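Trainee: Got a sequence here, can you build the structure:
(one chain, ligands or ions: 1)
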Amino acid sequence: MAENQTLDELHTPGAVFFIFGATGDLARRKLFPAIYSLYREGKLTHDFAVIGVARRPRTQEEFRDDVKESIREFCRYQAGDAAEWNEFVQHFEYKSLDINNIDGFRELNAQTEVLEEKFHIPGNRMFYLALAPELFGSVSYNLKAGGMLQGSGWNRLVIEKPFGYNLESAEQLNEQIRQVFKEEEIYRIDHYLGKEMVQNIEVIRFANAFFEPLWNNKHIANIQITLGETVGVEERGGYYDHAGALRDMGQNHILQLLTMIAMEPPSRLLAEDIRDEKVKVLRSLRPYASSEEVRENVVRGQYTQGLYKGKSLPAYRQEDKVDPESNTETYFAARIFVDNFRWAGVPFYIRTGKRLPVKTTEVVVEFKGMPTNVYLGQKHNLEPNLLVIRVNPMEGIYVKINAKKPGSESEIQPLAMDFCQSCMVGINSPEAYERLLHDAARGDSTYFTRWDEVSSAWSFVDRIAKAWKEESSDLASYPAGSWGPVEADQLLAQEGFHWWPVNGQEEDNVVWRVNG
Ligand code: BG6
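Mentor: Numbers count the residues shown, from 1 in each chain. Have a look, this model is predicted:
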C-alpha cells in the first residue's frame, strides 16, 4: 500500500463478481487466488459475493472445494483457520448455466439479488468472461435480455485476450459487446499491464530527473524488449497453432510494453490521459509498406527438436494438437520504428518465443556512446550505458555504467548497479490479476486496453500477418532450448548492435553491485 493510501481508499466497493468459465484454468490458477489475496489484504471485506458460472453441474460444496484447492495450489497466501475460511467461502456460490438460455440468466439474476441482500451489496456487478471470445457477444446480449443489467449500481464487463484474430474480427467483436456495454464499462485485460514492474516503468521514467532528459533519440541508441519463455505450447496446441507468437504475445503484451516505454509524459496521471499517450505511440509505429519490408524487419521462427538442461524436447510440429505440417511461428523478432520527434531513428527491437533458454521479460535501453571520449584507447573497455528493467520473473532494474577499476591507474570496467526488488525479504509483489481485479472493481481503467489501442495494434500486426500469409517460405527454425533463429541476431547486427544477455547472464566482464 502506498504510504498516503488508507485502507478505506483501497477498499473495493461492494459488488458481485461473476466468473464466467468458473471451472476453467484461468479461474483456478489466477482469479480465485487473486480474490483471496484481496480478501486477506482487507481490500475485500464483507460486502462482496462471487458467483462462479459454467455449464458443468456442480454443487455449492463441490465448487467451494474447487476454490479452496485452487487457493492452496496457486495463491500467495495460504487459507487461514476454519473460522476464517468459512467466513470467506460463504461469499461463493455456483450457477450451472447454458449461456444460450435466457431463462438461466433470469435465474442467475434472482440468485444474485438474494446475495446482494444478504451481504448488503449496493447493486454493483462485475462480469468477468474467462471464456472463448466467440462467446463474448452472446453472453453480453443475454446478460441484458435476462435482466442482469438493471440493478441499482454499476455494471462492468471484464474480458480476456485474445480480442479478435485480426482487425476485422476484433471490430466485429467490439460491435457486439458495444451493443450492450459502453466503452467505459469495458475492461479489456492485458495481464502484462498488471505486472508490478510494467506499472513501475511510468514511475522510473517520470519521477527520476536523470532518465527523462535522456529519454530520446539524442541519447538512446536502441531499445530491446524480450519476452522469453522456456515452456512450449503445453496443452494449448489447438489455440496456439491458430494464433502463433505474433498474435499471442506481439499484438498485446509486447506492443503494450513498447507504449509504456515510448509514450510522452501524460499531462495528468489519469486513466484517459495515459491511454491517450499510449495510443499516440501505436499510431506512430511506422507501418511496413510491403511484404519486402516485412521480410527485412521481421523474423519468424519455429522450434525444432532440441536439448534443454540435458533433456530432449520435442519439435513444435510434434506437440499435441499441432498440425504436423504447421507453419505457425513460435518465435518472432522485429525492428520497429516510432515515427515521432522523440524517437525518430531509434530502432526498437522486440522478440518473443516459446522454448527459449530463459523465462524472462526484460527491457534494455542502450544509450549512445560518449561523443569525444578521452578514454577511448586500447586498455579501456568502454561499454555503452544500459538501463535494464526486469519485469518478470525477477523484478528490478539495473544500470550499467563505466567506472575505474579499483587499484588500477586508469583502467575502466563496466559496473552494474543492480536493484533486485523481488530478492528483497518481505517483498511479495501482488499477482497481476490481483491488481487488475481490484482496479476494475474500483473503476480505474488505466491498466486496461482501450478500443483504439487494440485496433491500432491490430492494424500494425495485420500487415505482418498478411505478408506471412503470402509468403510461407521465410519461416526459420531454431532448436528448442536455444535463443531463436540466427536471423534475429542479424536484424541488430545490420546496425552494429547485438541482443544484450538477459538476466545479466553471460556478462562476465561486468562487476555487479547488488542491493542487500
Ligand atoms: C499469455 C499467452 O497471454 O501470456 C501465453 O497466451 C504466455 O502463451 C503467457 O505463456 C505468458 O505470461 P507470463 O505472465 O507468464 O509471462
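Trainee: Nearest residue to the residue of the chain found nearest the ligand in space, please, no chain neighbours.
Mentor: Of all residues in the chain, Asp248 sits closest to the ligand, at 4.7 Å by CB to the nearest ligand atom. (C-beta placed from N, C-alpha, C; glycine too.) Excluding the flanking residues, the one nearest Asp248 by CB to CB, 6 or more residues apart in numbering is Tyr240, at 6.4 Å.
Trainee: Who are the packing partners of the helix or strand harbouring that neighbour?
Mentor: Using DSSP states H and E, the element containing Tyr240 is helix 237-245. With contacts taken as 3 or more CB pairs under 8 Å, 6 or more residues apart in numbering; DSSP states H and E, helix 237-245 sits against strand 331-337.
Trainee: gap between the strand it packs on and the chain center?
Mentor: Its chain's average C-alpha position is 18 Å from that of strand 331-337, according to CA atoms, centre = their mean, to the nearest Å.
Trainee: Then stretch 20-34?
Mentor: 17 Å.
Trainee: quick one on the thing from earlier: need the contact list for the residue nearest to Asp248.
Mentor: Val233, Asp248, Val322, Thr328, Thr330 (CB atoms under 8 Å, 6 or more residues apart in numbering).
Trainee: Quick check: the two most widely separated of those residues?
Mentor: Asp248 and Val322 (13.6 Å; CB to CB).
Trainee: tell me the residue furthest from the middle of the protein?
Mentor: The C-alpha centroid of the chain is most remote from Glu409, which lies 47.1 Å away (CA atoms, centre = their mean).
Trainee: three-state assignment of that residue?
Mentor: coil (DSSP: H, G, I helix; E, B strand; the rest coil).
Trainee: and it, what are its phi and psi?
Mentor: phi -70, psi -50 (degrees, to the nearest 10).
Trainee: Ok, Ile225 next?
Mentor: Torsion angles, degrees, to the nearest 10, at Ile225: phi -120, psi 120.
Trainee: Could you tell me which residues make contact with it?
Mentor: Ile254, Leu257, Leu258, Ile261, Phe348, Tyr349, Ile350, Arg351, Glu362, Val363, Val364.
Trainee: try 6 Å
Mentor: Ile254, Leu257, Ile350, Val363 (CB atoms under 6 Å, 6 or more residues apart in numbering).
Trainee: and if you look at Ile99?
Mentor: Val139.
Trainee: for the ligand, what are the nearby residues on the stretch 301-450 of the chain?
Mentor: Thr361, Asn392 (CB under 6 Å from any ligand atom).
Trainee: what are the ranges of the strands in the stretch 301-450 of the chain?
Mentor: Taking DSSP state E, counting those that start in this stretch, the strands of the stretch 301-450 of the chain run over residues 306-308, 311-313, 331-337, 347-353, 360-367, 386-392, 396-404, 412-420.
Trainee: tell me the average confidence for the helix holding Tyr240?
Mentor: The average pLDDT within helix 237-245 is 95.
Trainee: Next, the angle strand 331-337 makes with that helix.
Mentor: 30 degrees (axes from the mean of the first three to the mean of the last three CA atoms, to 10 degrees).
Trainee: Can you check what angle separates helix 237-245 from strand 347-353?
Mentor: 170 degrees.
Trainee: Off-centre distance for helix 237-245?
Mentor: Computed by CA atoms, centre = their mean, the chain-centroid distance of helix 237-245 equals 18 Å.
Trainee: Okay, buried residues for that helix please.
Mentor: Buried residues in helix 237-245, counted by 16 or more other CB atoms under 10 Å: Gly237, Tyr240, Asp241, Ala243, Gly244, Ala245.
Trainee: What residues does the stretch 101-250 of the chain have near the ligand?
Mentor: Glu229, Asp248.
Trainee: try it again with 5 Å
Mentor: Asp248 (CB under 5 Å from any ligand atom).
Trainee: For the stretch 1-150 of the chain, give me the ranges with low pLDDT.
Mentor: Scanning the stretch 1-150 of the chain for pLDDT under 70 picks out the ranges 1-10.
Trainee: So Glu453 lies in a helix, does it not?
Mentor: Yes: judged by three-state DSSP, Glu453 forms part of a helix.
Trainee: show me the contacts for it.
Mentor: Contacts of Glu453 (CB under 6 Å, 6+ apart): Lys278, Val279.
Trainee: Let me know the pLDDT of it.
Mentor: Taking Glu453 on its own, its pLDDT is 98.
Trainee: Over to Val511?
Mentor: 69.
Trainee: and what of Glu329?
Mentor: 98.
Trainee: In a helix, the residue of the chain closest to the ligand, correct?
Mentor: Yes: under three-state DSSP, Asp248 falls within a helix.
Trainee: Against Trp154, how distant is it?
Mentor: 32 Å (CB to CB, to the nearest Å).
Trainee: Also Leu246?
Mentor: 36 Å.
Trainee: Mind checking which of the two has more residues around it?
Mentor: Leu246 (22 against 17; other CB atoms under 10 Å).
Trainee: any idea how far that one is from Asp98?
Mentor: For Leu246, the distance to Asp98 - CB to CB - is 35 Å.
Trainee: before we move on, what about Leu382?
Mentor: 67 Å.
Trainee: Check Ile412 too.
Mentor: Taking CB to CB, one finds Ile412 at 70 Å from Asp98.
Trainee: between the two, which one's more packed in?
Mentor: Set Ile412 next to Asp98 and count neighbours by other CB under 10 Å: Ile412 wins out with 17 against 11.
Trainee: shouldn't the more buried one be in contact with Ile401?
Mentor: No: under the criterion of CB atoms under 6 Å, Ile412 makes no contact with Ile401, lying 10.0 Å away.
Trainee: got the end-to-end distance for stretch 434-449?
Mentor: Stretch 434-449 has its terminal residues 17 Å apart, counting by CA to CA, to the nearest Å.
Trainee: go on, stretch 181-197?
Mentor: Terminal-residue distance, stretch 181-197 (CA to CA): 31 Å.
Trainee: Please apply the same query to stretch 150-162.
Mentor: Across stretch 150-162, first to last residue, CA to CA, it's 29 Å.
Trainee: Name the nearest residue to the spatially most central residue of the chain, sequence neighbours excluded.
Mentor: Nearest to the mean C-alpha position of the chain, counting by CA atoms, centre = their mean, stands Tyr192 at 1.8 Å. Distance criterion CB to CB, 6+ apart; nearest residue to Tyr192, sequence neighbours excluded, is His253 at 4.2 Å.
Trainee: can you confirm that neighbour is in a helix?
Mentor: Yes: assessed with three-state DSSP, His253 lies in a helix.
Trainee: Does Phe448 touch Arg188 like I think?
Mentor: Yes: with contact defined as CB under 6 Å, Phe448 counts as touching Arg188 (5.4 Å).
Trainee: how much space between Glu134 and Glu175?
Mentor: Remark: distance between Glu134 and Glu175 (CB to CB) = 14 Å.
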